[in-house]
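A.B. asks: Here is the input, now give the coordinates:
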Amino acid sequence: MSLMGQKAPASDIPLKSWAAPLYWQPSQAEHENAAKSVAQIQFPPNATSNTALVFVAVSPCRLVDTRGASAGFIGSTPFNGPYIQAGQTVAFPVQSTTEAATTAPPPCGKIPSFAQAYSVNLTLVPHPLGAPVNYVTMWPDNGSAIPSVSTVNDQQGAVVSNAAIVPAGTNSCGIQVFAYGPTDVIIDMNGFYAAPSDTLGNTAAGAGTLSSLTTGFANTANGWFALYSDTTGYSNAAIGDLALYSNTTGSGNTATGTEALYNNTIGSGNTATGLYALLANTTGQDNNASGYLALSSNTIGGMNEASGYEALHFSTTASNNTASGYQALYSTTIGGDNTAGGSQALFSNTSGVDNTSSGSQALYSNTTGHHNTATGAGALFASTTGIYNTASGGLALNNNTTGFENTASGEGALLSNTSGGVNTASGYQALSSNTTGFYNR
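C.D. replies: Sure, this is the predicted structure:
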């Protein structure tokens, strides 16, 4: 793509994107001189190449503008200048802390270490404007001689540009630029090329994925900034934008969905499926969350199972809970060893432990009550602090609040009981009018 004779003002070079191929294969010379060997990728038999790199798009950003502050570019030398003199070669360390310090205009920021080539657009602003530059060449900063090919030609001294793919060099994965005549250069980037899998068995697809990786292995990240902070964590799988974003050393985690397990840092063995599932988890381990906002508030709690929309939504440090169904165990914060199956089962439970509920809104109002068992829609619905109650059947012990050690079997059994205790009712609406009585059979 060559825009020869472009008449844009020298002070106004807009940042815009351009076409880039999905795959790129280095030439033999580039392959031999590249900073890193091009990974051998397992392609199907009809693939055109087994050394191709895949394109990872990023929002167009300005990597270099040697005009510096006069053009609004805030960076450090050599990225912000000075201009390249006639016959001079300048090296730009693309993956260096100097590059990452650029703040304006839209900076490229930290470029992942697994980037093996860059998709760039080179613009020349002759110095002075109107003086022919002749040609400018870009190539990897790896100690090799200037290649006998130009990246962009300029015989008229006009502002001209051209798109190119440049392999990463050995020195900070940088590139070199040679100018025949004096010129300012602007280098914009809209993506880079990387192997789908590296030598440690990591797979990354998407801008910012696995950007901080050092020795972690067998990780899979697919989505914008998925597993962005991972350094030594291994065997993690993150599918979705910002999934497992904060994970550093946690291992064996699986996150599927936007921001799933977003805050997890060192927690391991967690599985999150759904938008914001296990969102706040930091060090909790062996949790399983499936559904929108499931276990989204959990921080250090472990061995919880949540399946359903907002299941165990407010759980923070609770452990060994199982919630299956819409808003099941919704309010639980620190209670443990509870099992809730059904829509809004154990909905209000906060710190109650060892409760089992099966059925829509079973044990719905329980807060701190413990060792209760409710089976059936609305069973033990109103129970708040009651303990050691067993209710089996729709609406069984439905109005019980603080009653204890009651057993109700059958639809509507002990329906009206509120604070009565040690009652046993078996059959349809058995003892349905009992409210505070004790020791009834």
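A.B. asks: So which residues of the stretch 1-150 of the chain form helices?
C.D. replies: All helices of the stretch 1-150 of the chain, identified by DSSP state H, counting those that start in this stretch, fall at 28-33, 97-100.
A.B. asks: Lowest average confidence across the ones you listed, which one?
C.D. replies: Least confidently modelled of these is helix 28-33, at a mean of 60 by mean pLDDT.
A.B. asks: Once you drop chain neighbours, what's closest to A71?
C.D. replies: D65 (5.6 Å; C-beta to C-beta, 6 or more residues apart in numbering). (C-beta placed from N, C-alpha, C; glycine too.)
A.B. asks: measure that neighbour to I74 for me?
C.D. replies: Separation of D65 from I74 (C-beta to C-beta, to the nearest Å): 10 Å.
A.B. asks: In terms of neighbours, single out the busier of these two.
C.D. replies: D65 (27 against 15; other C-beta atoms under 10 Å).
A.B. asks: Look up which residues are beta-bridged to the more buried one.
C.D. replies: On the basis of DSSP bridges, D65 is bridged to I186.
A.B. asks: I'd like to know how far it sits from G72.
C.D. replies: 8 Å.
A.B. asks: Go through stretch 237-251 and flag the buried ones.
C.D. replies: 237-247, 250-251 (16 or more other C-beta atoms under 10 Å).
A.B. asks: quick revisit: shared neighbours of D65 and I74, which are they?
C.D. replies: Taking C-beta atoms under 8 Å, 6 or more residues apart in numbering as the criterion, D65 and I74 both touch N80.
A.B. asks: ok so, going back, need the buried residues of stretch 237-251 in TSV with pLDDT, distance to W139 and secondary structure, can you?
C.D. replies: Shown next, in TSV, are the buried residues of stretch 237-251 (pLDDT from 0 to 100; distance: C-beta to C-beta, whole Å; DSSP: H, G, I helix; E, B strand; the rest coil):
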residue	pLDDT	distance to W139	secondary structure
A237	93	37	strand
A238	92	35	strand
I239	89	37	strand
G240	86	37	coil
D241	87	35	coil
L242	89	36	coil
A243	91	37	coil
L244	92	37	coil
Y245	92	35	coil
S246	94	38	coil
N247	93	37	coil
G250	93	40	coil
S251	95	40	coil
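A.B. asks: Of those residues, which pair is most distant in space?
C.D. replies: Distance extremes for those: the farthest pair is D241 and S251 at 21.7 Å, using C-beta to C-beta.
A.B. asks: give the contact list for L363.
C.D. replies: 340, 345-346, 349, 355, 357, 369, 372, 374, 379-381, 383.
A.B. asks: about what we covered before: just the buried residues of stretch 237-251 now: which is nearest Y439?
C.D. replies: Using C-beta to C-beta, the buried residues of stretch 237-251 come closest to Y439 at G250, 53.4 Å.
A.B. asks: ok, Y23 to Y193 distance?
C.D. replies: Counting by C-beta to C-beta - Y23 and Y193 are separated by 8 Å.
A.B. asks: no wait, I300
C.D. replies: Counting by C-beta to C-beta - I300 and Y193 are separated by 40 Å.
A.B. asks: Between these two, which is the more surrounded one?
C.D. replies: Y193 (27 against 15).
A.B. asks: is it true that that one lies in a helix?
C.D. replies: No. Counting by DSSP: H, G, I helix; E, B strand; the rest coil, Y193 is not part of a helix but strand.
A.B. asks: what bridges to it?
C.D. replies: Where Y193 sits in a bridge, its partners, by DSSP bridges, are F55, A117.
A.B. asks: My guess is it contacts V54. True?
C.D. replies: Yes. Y193 lies in contact with V54 (C-beta atoms under 8 Å); the separation is 6.7 Å.
A.B. asks: shared neighbours of those two, which are they?
C.D. replies: By C-beta under 8 Å, 6+ apart, no residue touches both Y193 and V54.
A.B. asks: For A382, list the residues it contacts.
C.D. replies: Neighbours of A382 in contact, by C-beta under 8 Å, 6+ apart: Y364, S365, N398, N399, N400, T401, T418.
A.B. asks: Counting only helices, which of the residues you listed make the cut?
C.D. replies: Nothing among the contacts of A382 maps onto helices, per DSSP state H.
A.B. asks: Tabulate those residues in TSV, adding columns for distance to N287.
C.D. replies: Compiled in TSV, these are given as follows (distance: C-beta to C-beta, whole Å):
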residue	distance to N287
Y364	24
S365	26
N398	32
N399	34
N400	31
T401	32
T418	36
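A.B. asks: Name the member of those with the most neighbours.
C.D. replies: N400 (35 neighbours).
A.B. asks: distance of that residue from Y118?
C.D. replies: N400 is 68 Å from Y118, where distance means C-beta to C-beta.
A.B. asks: same thing with P82?
C.D. replies: 23 Å.
A.B. asks: Which one of the two is surrounded by more residues?
C.D. replies: Shown here are P82 and Y118; by other C-beta under 10 Å, Y118 has more neighbours (27 against 13).
A.B. asks: so how far is L63 from that one?
C.D. replies: 8 Å.
A.B. asks: again with L22
C.D. replies: Taken as C-beta to C-beta, the span from L22 to L63 is 21 Å.
A.B. asks: So for these two, which sits in the more crowded spot?
C.D. replies: Using other C-beta under 10 Å, the more surrounded residue of L22 and L63 is L63, with 21 against 9.
A.B. asks: That one contacts V185, doesn't it?
C.D. replies: No. At 10.1 Å, L63 does not count as touching V185 under the criterion of C-beta under 8 Å.
A.B. asks: List phi and psi for N264.
C.D. replies: phi -60, psi 130 (degrees, to the nearest 10).
A.B. asks: Quick one: residues contacting it.
C.D. replies: L244, S246, N247, G250, N253, A255, N270, L278, N281, T282, T283, G284.
A.B. asks: burial count for L15?
C.D. replies: 15.
A.B. asks: which residues touch it?
C.D. replies: P60, C61, R62, P105, P106, D188.
A.B. asks: Which residues are in contact with the nearest residue to S172 once chain neighbours are set aside?
C.D. replies: Leaving out its chain neighbours, the residue that sits closest to S172 by C-beta to C-beta, 6+ apart is P93, at 3.3 Å. Neighbouring residues of P93 by C-beta under 8 Å, 6+ apart: E99, D141, N171, S172, C173, G174.
A.B. asks: try G201
C.D. replies: F217, A218, N219.
A.B. asks: What is the burial count for Q361?
C.D. replies: With other C-beta under 10 Å as criterion, Q361 counts 25.
A.B. asks: That one and N400, how far apart?
C.D. replies: 14 Å.
A.B. asks: before we move on, what about L380?
C.D. replies: L380 is 6 Å from N400, by C-beta to C-beta.
A.B. asks: So the closest residue to K16 other than its chain neighbours versus P105, what's the distance?
C.D. replies: Nearest residue to K16 in three dimensions, chain neighbours excluded: P60, at 6.3 Å (C-beta to C-beta, 6+ apart). Look at P60 and P105: by C-beta to C-beta, they are 10 Å apart.
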